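*Asks:* below: sequence and its predicted model.
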Amino acid sequence: MTRKLFLEDAYQRSCTARVEAITAEGGVVLDQSVFYATSGGQPGDSGWLRLSGGAEAAIGTCIKGEDDVLVLLPAEGPIDGLRVGDSVEAVLDWDRRFAHMAMHTSLHLLCASVDAGVTGGSIGAEKSRLDFDLEESPDKEALEERLNALIAGAHAVSASTITAEELDARPELVRTMSVAPPRDASGLIRVVRIGAEGDSVDFQPCGGTHVANTSDIGRVRVGKIEKKGRQNRRINIHWEPAAA
Ligand SMILES: [Zn+2]
């Protein structure tokens, strides 16, 4: 299996790693990875692999492979001269990843601001969306105000794990009807909390990457609210990063 460094510290931008395998298509399996693999509506990370000889190869994305490994897919096909056992440095396209973290955390806040089940969703660097099991569209201005108040509230974001039994006892935690809660190799489920324990803004199973504090997001704008079927409303949000 690949050690998923992004679950331990989402702000780690690079790591050294050992090449464990190279797939027939040239995909690179590392012993540990700062690259997030496409899942749960969040795109896989892009970036670069720096080889021991000094050469650099662009990585287009990262996907899940079999046996709990992550596979980094080179942007331009198999990497010349790369061998199993080599030591490499894996470096994220941090601007893109941070945008995914800000957007992903914003979707948790959106989920907490709309009283309905989530039927789907997608995260992009500039625009993201959630689909809700809703008959009426919520008020756009009020929703935008609520989201930005939560962001400005500077709530801490933290992750922990619970057992399957604990989750079964609290079915209300599973907000996303279309995605199974993420389980690690030992069967534990990762849960993400926004806000303090006992006074949370949001608390639900999630295997994605998030900002450490909602104030890191900046602002969001609520875009189009689309009617996708009688009992489905798609809410789009756009990211307006905090000034550097
Ligand atoms: Zn999440």
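*Replies:* Thanks, I have the structure now.
*Asks:* look up how far Ala196 lies from the nearest residue to Gly53 once chain neighbours are set aside.
*Replies:* Closest residue to Gly53 apart from its sequence neighbours, by C-beta to C-beta, 6 or more residues apart in numbering: Gly81 at 7.1 Å. C-beta here means a position set from N, CA and C on the backbone, and glycine is covered the same way. Using C-beta to C-beta, to the nearest Å, Gly81 is found at 51 Å from Ala196.
*Asks:* do Gln231 as well
*Replies:* 34 Å.
*Asks:* all helices of this protein, in order?
*Replies:* All helices of the chain, identified by DSSP state H, fall at 5-8, 94-113, 140-152, 164-169.
*Asks:* just say which of those helices is most tucked in.
*Replies:* Highest mean neighbour count among the helices of the chain (mean count of other C-beta atoms under 10 Å): helix 94-113, with a mean of 22.
*Asks:* gap between that one and the chain center?
*Replies:* 8 Å (C-alpha atoms, centre = their mean, to the nearest Å).
*Asks:* who are the packing partners of that helix?
*Replies:* strand 127-132, helix 140-152, strand 189-196, strand 199-205, strand 233-240 (3 or more C-beta pairs under 8 Å, 6 or more residues apart in numbering; DSSP states H and E).
*Asks:* go through those and name the closest to the ion.
*Replies:* strand 189-196 (5.0 Å; C-beta to the ion).
*Asks:* buried sites along that closest one?
*Replies:* Across strand 189-196, burial judged by 16 or more other C-beta atoms under 10 Å covers 189-195.
*Asks:* repeat that for stretch 66-85.
*Replies:* Buried residues in stretch 66-85, counted by 16+ other C-beta under 10 Å: 69-74, 79, 82.
*Asks:* kindly provide the distance from Glu8 to the ion.
*Replies:* 15 Å (C-beta to the ion, to the nearest Å).
*Asks:* same question, Gly124
*Replies:* Distance, Gly124 to the ion, by C-beta to the ion: 15 Å.
*Asks:* got a pLDDT number for that residue?
*Replies:* Here, the pLDDT recorded for Gly124 equals 96.
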